[in-house]
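Novice: Structural data only, the sequence is not supplied:
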Ligand code: PGA
């Protein structure tokens, strides 16, 4: 499985960043799962540049601009130069700050143009009885996939993160059965762009209150390919617990 650790702005000192990286290196030696760390941009520079381990790195966001006179922006080329593997685009916390589907699509294109894989975050803010959340997620995926070539679509990882389940506790995560249904639905949507067997190759992650207490149940039988873990991934005991629960 692909376990992506989203540090958000939780980790604000270098010593803590280094110690979480050391933990990830130790864990990666003992597990078959792929561990990907998503630190802040300065910590990415510090850790990714010297990385010789199995641990991989993801940026939490990327600029919609390319290089040039854009003060404060971090372009996809800068991340490509650091040899990252992934870049998250469209995280709900970025969307809450005003990011539109069009901007998310543009960011995904920049990431792909530099040979990195976007982790496209999608997810409804709430679940309505009329299942309008399904078309909401379909539109979020479609607005990006419709701008990509098939090759680019295949390189894109989808992280399904229902916003209502983010930053809470294991008890508030999406029930495993509902996750299984959602994974099937997302594969169906992807299948409209990638006919044939290709949709089963698309990696789909789940994010939203993944903790040691729910990781195994969420993983078994849901068809998910991994997790995007927030708060529990910056707590050494919880992160270790998640990797153990999945082993
Ligand atoms: P959480 O965050 O694990 O703290 O719910 C997940 C995310 O926002 O990526």
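Specialist: Sure, I can see it. Only a predicted model underlies this, so the values are computations on that prediction, with no experimental measurement involved. Numbering: from 1, shown residues only.
Novice: how about residue 224, what does it touch?
Specialist: With contact taken as CB atoms under 8 Å, 6 or more residues apart in numbering, residue 224 is in contact with 1, 179, 183, 204, 205, 206, 218. In this view, the C-beta of every residue, glycine as well, is placed from N, C-alpha and C.
Novice: Just put the residues you listed in a markdown table and tack on distance to the ligand.
Specialist: What follows is the contacts of residue 224, written out as a markdown table (distance: CB to the nearest ligand atom, whole Å):
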| residue | distance to the ligand |
| --- | --- |
| 1 | 15 |
| 179 | 14 |
| 183 | 17 |
| 204 | 14 |
| 205 | 9 |
| 206 | 9 |
| 218 | 12 |
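Novice: Including secondary structure, could these go into a markdown table?
Specialist: Converted to a markdown table, the contacts of residue 224 look like this (DSSP: H, G, I helix; E, B strand; the rest coil):
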| residue | secondary structure |
| --- | --- |
| 1 | coil |
| 179 | helix |
| 183 | helix |
| 204 | strand |
| 205 | strand |
| 206 | strand |
| 218 | helix |
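Novice: Which one (most neighbours) among those?
Specialist: residue 206 (29 neighbours; other CB atoms under 10 Å).
Novice: what about the one residue in the chain that gets nearest to the ligand, neighbour count?
Specialist: Among the residues of the chain, residue 230 lies closest to the ligand, at 2.2 Å counting by CB to the nearest ligand atom. A total of 23 residues lie near residue 230 under the criterion other CB under 10 Å.
Novice: same for the helix or strand containing residue 181, what does it pack against?
Specialist: Using DSSP states H and E, residue 181 sits within helix 176-193. Applying 3 or more CB pairs under 8 Å, 6 or more residues apart in numbering; DSSP states H and E, one finds that helix 176-193 contacts helix 132-145, helix 150-154, strand 157-160, strand 204-207, helix 215-219.
Novice: if you average pLDDT over the last one, what comes out?
Specialist: For helix 215-219, the mean pLDDT works out to 96.
Novice: Likewise for the fourth one?
Specialist: When the per-residue pLDDT values of strand 204-207 are averaged, the result is 98.
Novice: Check the second one too.
Specialist: Confidence for helix 150-154, expressed as mean pLDDT, is 95.
Novice: next one: the longest one
Specialist: Averaged across helix 132-145, pLDDT comes to 97.
Novice: Could you list the low-pLDDT ranges of the protein?
Specialist: Residue ranges of the chain with pLDDT under 70: none are present.
Novice: Next up, the contacts around residue 230.
Specialist: 6, 8, 10, 166, 167, 207, 210.
Novice: Up against the ligand, what does this protein have?
Specialist: Residues of the chain found near the ligand (CB under 6 Å from any ligand atom) are 6, 161, 166-167, 207-210, 228-232.
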